[in-house]
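Enquirer: after the sequence you'll find the predicted model.
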Amino acid sequence: MKYEAVIGLECHAQLLTNSKLFCSCSTRFGDAPNLNTCPVCLGMPGALPVLNRVAVLMAVKAALGLNCRVNRESQWSRKNYFYPDLPKGYQISQYDRPLAEHGRIGRVGVQRIHMEEDAGKSLHEGFPESNKYTFLDFNRSGVPLIEIVSDPDIRSSEEAHDYLSRLKQILEYLDVCDGNMEEGSLRCDANVSVRPEGRKELGTRTELKNINSFRFVQKAIDFEVQRQIDVVESGGRVIQETRLWNSVDERTVSMRSKEEAHDYRYFPDPDLPLLTIDEETILTAQRSMSELPEPRRARFVQEYALSEYDAGVLTSTRALADFFEETARACGQAKSTANWMMGDLLRFFKERSMDMKDLSDSPIRPKALAEMIARIGDGTISGKIAKTVFDEMCATGKAPAAIIKEKGLVQISDAGEIERVVDEIMANNAPSVAQYRSGKSGLLGFFVGQVMKATGGRANPQTVNDILRKRLAG
Ligand SMILES: [Zn+2]
């Protein structure tokens, strides 16, 4: 029997606001525990929430970027559950009336996007195990999140990976989330079930939690799909439950039976009015949205005649795409810019472990790269010498003009000067000249090499070729 996996993803993305969702405490990561707290985010009785407008605007941007319909009215609800790092005993979230619905990432539907506040963090520390204490840090309590729930349209771990990559890229392009899975600013749970191929109704699903990298998402899904198939094949039944991904043993383990929505006793938060999104807010969000990865990739192919592959790499982050466009516009040579970036520049960035999302501290700036490419174009330096210039730019951060001048790298295109070198080499290699003239035309490369050696690689290759052919022909 062949089986089909049915997968839906629920992703939490932390919005890049400076302050929390319902109070003015800072959202800075890495501060001393409990530094960024107040009566509101500590859940003191009687403290009242005040909504952060910027968070709403970012959530609307994300919703539009994921092709969702933004609801004019949505509602804050209390999601009740007990957890030590949730002092109120409930989380302010959205339930039956979410911010946005009916979106799409590629061919996968986005069922809904809702806003909610994050909980605090429990830290279990101490050694040995019997001497462990649990510490509570409320810096994260009240930090704004959006939860993006996909439709169960995903059929394999590769598709899940693709969906996540696109989601992360779009959120980064929109500047609403930094997409850092390791720091927890993008978190992903997966709902997984299997069914015999061709069957309509869904199998019982499990929810996988605790997956903190793209690679683990793929591994966790692969493991879980196979586990469920094994259960079904051996005559058992899959139980609806929450399972944790254990990245050390590379398996999922049962954590608890899955809660149903009614377990949370959702009800509208009486402290908060309906969230209304007016036309003005949507327009403001639209105006502040940058061009998204997919249209930008298509435009790069169209406007700069790049291959699909090159356009994909060069739009992988907004910073890289901006770098490309700034350079290409400054030198007017898109193809060369793409070649230099795809090869030498990306290699350099990788060697330096530069963050491709933020290239602002790159020692090579678009203006300098454009200048170097322009010097190749106008014949000042050869493509080969440009490699030397480029390496020097990487090492020193100096401008190409200064490097070319200091190191005397200007290309020799003067025919008279090259002819003198050619004549000298021919005089010193009379036997080779004779061989060439008797038909060994392959020796041309030898002569080109000699001329290049004599000129320190600075002779214009085209001119060298032309002169050599003429002279050697006799
Ligand atoms: Zn606070």
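Expert: Happy to help now that I have it.
Enquirer: rest of the way, CA atoms for contacts and neighbours
Expert: Will do.
Enquirer: for the stretch 301-450 of the chain, which segments count as strands?
Expert: Counting by DSSP state E, counting those that start in this stretch, the stretch 301-450 of the chain has no strands at all.
Enquirer: what lines up beside the helix or strand of the chain with the lowest mean pLDDT in the sheet?
Expert: Lowest by mean pLDDT, DSSP states H and E among the helices and strands of the chain is strand 251-257, with a mean of 81. Sheet pairing for strand 251-257, assigned by DSSP bridges, gives strand 241-246 (antiparallel).
Enquirer: list the buried residues of the strand it pairs with.
Expert: The neighbour-count check on strand 241-246 (16 or more other Cα atoms under 10 Å) flags 241-245 as buried.
Enquirer: coming back round to it: who are the packing partners of the following helix or strand past the least confident helix or strand of the chain?
Expert: On the C-terminal side of strand 251-257, the closest following helix or strand by DSSP states H and E is strand 267-268. Secondary-structure packing of strand 267-268 (3 or more Cα pairs under 8 Å, 6 or more residues apart in numbering; DSSP states H and E): strand 77-80.
Enquirer: thinking again about what came up before, take the buried residues of strand 241-246 and lay them out in a markdown table including distance to residue 351.
Expert: Formatted as a markdown table, the buried residues of strand 241-246 follow (distance: Cα to Cα, whole Å):
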| residue | distance to residue 351 |
| --- | --- |
| 241 | 44 |
| 242 | 41 |
| 243 | 38 |
| 244 | 35 |
| 245 | 32 |
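Enquirer: and these, which two are furthest apart?
Expert: 241 and 245 (12.9 Å; Cα to Cα).
Enquirer: residues in contact with the residue of the stretch 101-250 of the chain found nearest the ion?
Expert: For the stretch 101-250 of the chain, the residue closest to the ion is residue 142, as judged by Cα to the ion, at 7.0 Å. Going by Cα atoms under 8 Å, 6 or more residues apart in numbering, residue 142 touches 20-23, 41, 117-120.
Enquirer: can you do 6 Å?
Expert: 20-21, 41, 117-118 (Cα atoms under 6 Å, 6 or more residues apart in numbering).
Enquirer: can you check residue 171 too?
Expert: residue 177.
Enquirer: need phi/psi at it.
Expert: Dihedral pair for residue 171: phi -60, psi -40, per degrees, to the nearest 10.
Enquirer: distance of the closest residue in space to residue 47 that isn't next to it in sequence from the ion?
Expert: Residue nearest to residue 47 in three dimensions, not counting chain neighbours: residue 40, with 5.2 Å by Cα to Cα, 6 or more residues apart in numbering. In this view, residue 40 and the ion are 5 Å apart by Cα to the ion, to the nearest Å.
Enquirer: can you pull the pLDDT of residue 40?
Expert: We have a pLDDT of 96 for residue 40.
Enquirer: mind checking what secondary structure it has?
Expert: coil (DSSP: H, G, I helix; E, B strand; the rest coil).
Enquirer: pull up the residues of this structure that are close to the ion.
Expert: Residues of the chain lying near the ion by Cα under 5 Å from the ion: 23, 25, 37-38, 41.
Enquirer: could you list the residues in contact with the longest helix anywhere in the chain?
Expert: For the chain, the helix with the greatest residue count under DSSP state H is helix 214-233. Contacts with helix 214-233, where a contact means Cα under 6 Å, 6+ apart, come from 157, 211.
Enquirer: just how off-centre is that helix within its chain?
Expert: 25 Å (Cα atoms, centre = their mean, to the nearest Å).
Enquirer: and that helix, which residues are buried?
Expert: In helix 214-233, residues buried by neighbour count (16+ other Cα under 10 Å) are 214, 216-225, 227-229.
Enquirer: what of stretch 430-440?
Expert: Buried residues in stretch 430-440 (16+ other Cα under 10 Å): 432-433, 436.
Enquirer: how much distance is there from that stretch to the middle of the chain?
Expert: On Cα atoms, centre = their mean, the centre of stretch 430-440 falls 58 Å from that of its chain.
Enquirer: mean confidence score for that stretch?
Expert: 89.
Enquirer: cool, stretch 216-234 as well?
Expert: The model assigns stretch 216-234 a mean pLDDT of 93.
Enquirer: can you offset everything so residue one is 50?
Expert: OK, 50 is where the count begins now, so the last one is stretch 265-283.
Enquirer: now do that stretch: distance to the chain's middle.
Expert: The answer for stretch 265-283 is 28 Å, by Cα atoms, centre = their mean.
Enquirer: cool, and stretch 119-134?
Expert: The answer for stretch 119-134 is 29 Å, by Cα atoms, centre = their mean.
Enquirer: show me what counts as buried in that stretch.
Expert: 119-120, 123-129, 134.
Enquirer: need these in JSON lines (columns: pLDDT).
Expert: Converted to JSON lines, the buried residues of stretch 119-134 look like this (pLDDT from 0 to 100):
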{"residue": "119", "pLDDT": "97"}
{"residue": "120", "pLDDT": "97"}
{"residue": "123", "pLDDT": "97"}
{"residue": "124", "pLDDT": "97"}
{"residue": "125", "pLDDT": "98"}
{"residue": "126", "pLDDT": "97"}
{"residue": "127", "pLDDT": "96"}
{"residue": "128", "pLDDT": "95"}
{"residue": "129", "pLDDT": "95"}
{"residue": "134", "pLDDT": "91"}
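Enquirer: between those, which is closest to the ion?
Expert: residue 134 (14.1 Å).
Enquirer: in a helix, that's where the closest one is, yeah?
Expert: No: counting by three-state DSSP, residue 134 falls outside a helix, being coil.
Enquirer: so it sits against residue 169, correct?
Expert: Yes: with contact defined as Cα atoms under 6 Å, residue 134 and residue 169 form a contacting pair (4.8 Å).
Enquirer: and stretch 108-127, C-alpha only, in CSV?
Expert: The C-alpha coordinates for stretch 108-127 follow below in CSV (Å, rounded to 0.1, in the frame of the first residue of the first chain):
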residue,chain,number,x,y,z
ALA,A,108,1.1,42.3,11.2
VAL,A,109,-1.0,43.9,8.4
LYS,A,110,2.2,44.1,6.2
ALA,A,111,2.9,40.4,6.8
ALA,A,112,-0.7,39.6,6.0
LEU,A,113,-0.6,41.5,2.7
GLY,A,114,2.8,40.1,1.8
LEU,A,115,1.3,36.6,2.2
ASN,A,116,-1.6,37.4,0.0
CYS,A,117,-4.2,37.3,2.8
ARG,A,118,-7.5,39.2,3.1
VAL,A,119,-7.2,41.5,6.1
ASN,A,120,-10.4,41.5,8.2
ARG,A,121,-11.8,44.9,8.9
GLU,A,122,-12.6,43.8,12.4
SER,A,123,-10.9,41.1,14.5
GLN,A,124,-11.1,40.2,18.1
TRP,A,125,-8.7,39.7,21.0
SER,A,126,-9.5,36.5,23.0
ARG,A,127,-8.1,35.0,26.2
